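A.B. asks: Give me a 3D structure for the following:
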Amino acid sequence: MKLHIKYMVSSRCKMEVKEQLKKLDLHFANVNLGEVEVMEDITAEQHDKIKIALLKSGLELMDDKKAILIEKIKNVVIEMIHYSDELPKTNFSDYLSQKLNYDYTYMANLFSEKEATTIEHFIIMHKIEKVKELIIYDELTLTEIAWKLHYSSVAHLSAQFKKITGLTPSFFRSLKNRKRNTLEDV
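C.D. replies: Predicted structure coming up:
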């Protein structure tokens, strides 16, 4: 039986879900972002216990098919940008359609309707967060970051970064090296 869980976006969330299932003596085959495959059928009482346990952890059990699809879209984007070593060679719309077996137009319309933003903007926001992370780690040049995240050029990355954050990537990099002032020095 598959359970769909909202806000499950990290390895830490996966560990928390595993822990809660173990406490309830439920066995699971797979725990992925947003989805858990439980080995046994779940009673209504167990379902309620899982729901309560997950809510205490900031997670939410989902039953609505459209909400589940939106969460799957988010999880595919998050996994693709934050947890894979390389982004797919195809464009994101084709990648999402292939991965989730839905027409992209349908997914895009549903996502926009329910989330008040587009899938494209959601992807851009996560790409910029990944850029920030890579800048802070200071292991890659902006050219390497642009290449890794499939930007056409450093100029394109910089323009998108500035549009979202209000800062240039170079200025953002300089901020991490600054010493914070104490309250008395302000």
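
A.B. asks: Poorly predicted segments of the protein, please.
C.D. replies: Filtered on pLDDT under 70, the chain yields the residue ranges 177-186.

A.B. asks: Could you rerun that using 50?
C.D. replies: Low-confidence segments of the chain (pLDDT under 50): 183.

A.B. asks: so what are the domain limits for it?
C.D. replies: Structural domains assigned to the chain are 1-63, 120-177, following automatic domain parsing.

A.B. asks: and Glu86, which of these is closest to it?
C.D. replies: With respect to Glu86, and counting by Cβ to Cβ, the nearest of those is domain 120-177 at 7.6 Å. Bear in mind the C-beta positions are built from the backbone N, C-alpha and C, glycine included.

A.B. asks: Can you check which of the domains of the chain gets nearest to Phe111?
C.D. replies: domain 120-177 (7.4 Å).

A.B. asks: Let me see the contact set for the nearest residue to Ile164 once chain neighbours are set aside.
C.D. replies: The shortest distance from Ile164 to any non-neighbouring residue, by Cβ to Cβ, 6 or more residues apart in numbering, is to Ile128 (4.6 Å). Shown in contact with Ile128 (Cβ atoms under 8 Å, 6 or more residues apart in numbering): Gln160, Phe161, Ile164, Thr165.

A.B. asks: Now do the phi/psi pair for the closest residue to Ala53 other than its chain neighbours.
C.D. replies: Of all residues not flanking Ala53 in the chain, Gln20 sits nearest, at 4.3 Å (Cβ to Cβ, 6+ apart). Main-chain torsions, Gln20, degrees, to the nearest 10: phi -70, psi -40.

A.B. asks: Just give the number of residues close to Gln20.
C.D. replies: 19 (other Cβ atoms under 10 Å).

A.B. asks: The one 10 residues further on now?
C.D. replies: Other residues within reach of Asn30, judged by other Cβ under 10 Å, total 9.

A.B. asks: Now the residue most central in space within the chain: which helix or strand?
C.D. replies: Nearest to the centroid of the C-alpha atoms of the chain, with distances taken as Cα atoms, centre = their mean, sits Ile78, at 2.7 Å. Using DSSP states H and E, Ile78 falls within helix 65-78.

A.B. asks: Over to Glu45?
C.D. replies: Counting by DSSP H and E, Glu45 is found in helix 44-56.
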